[in-house]
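please find the sequence and the predicted model below.
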Amino acid sequence: VEPHKGFFGDDSGLNAVRLLCDGDGRATSSEGPRGVWGRPESCPPGQRLVSFRLRVEAPRGLWDDTAANAMAAICSGGSVLEGRGGPQGTWGNWSLPCPPGAGVCGLRTRLEPPQRGGDDTGLNDLDLYCCS
């Protein structure tokens, strides 16, 4: 997540998502050039990630747009994880949960490339995939 840059700055919000898997495995989305990784959030032992939602800022016309700003997720036991993203936007609906016994095993993102003087938004959408 890129920290807020002030009234005249070009904020890009969420720039990437990384899944940390059992063992040392991990999957990282395409990464925008801005921001820093936040503190990892984890499901309790024996639970899997099963659903997510994004906090997204709607297009603002001539004002600075950020698109996705934060992600939250639900573990199979009902625990809710929320990343330390930016405050802009509103939470979307929760995704359909993975089927019983399945959990998130992959991701795909839509990332806007740097606009070279234009309004950068970073991450614009996220799909998570379930596996049993």
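That came in fine, so what should we check first?

what is the burial count for Cys105?
Cys105 has 17 neighbours, counted by other CB atoms under 10 Å. For glycine as for every other residue, the C-beta is placed from the backbone atoms N, C-alpha and C.

which secondary structure element is home to the spatially most central residue of the chain?
By CA atoms, centre = their mean, the chain has its centre lying nearest to Met71, at 4.2 Å. Using DSSP states H and E, Met71 falls within strand 68-75.

counting contacts, what elements does that strand pack onto?
With contacts defined as 3 or more CB pairs under 8 Å, 6 or more residues apart in numbering; DSSP states H and E, the packing partners of strand 68-75 are strand 49-56, strand 80-82, strand 123-131.

try it again at 7 Å.
strand 49-56, strand 80-82 (3 or more CB pairs under 7 Å, 6 or more residues apart in numbering; DSSP states H and E).

what are the contacting residues of the first one?
Translated: strand 49-56. 43, 67-76, 85, 89-95, 97-98, 103-104, 126, 128 (CB atoms under 7 Å, 6 or more residues apart in numbering).

rerun at 6 Å
43, 68-74, 76, 89, 91-92, 94-95, 97-98, 103-104, 128 (CB atoms under 6 Å, 6 or more residues apart in numbering).

quick one: buried ones out of those?
43, 68-74, 76, 89, 95, 97-98, 103-104, 128 (16 or more other CB atoms under 10 Å).
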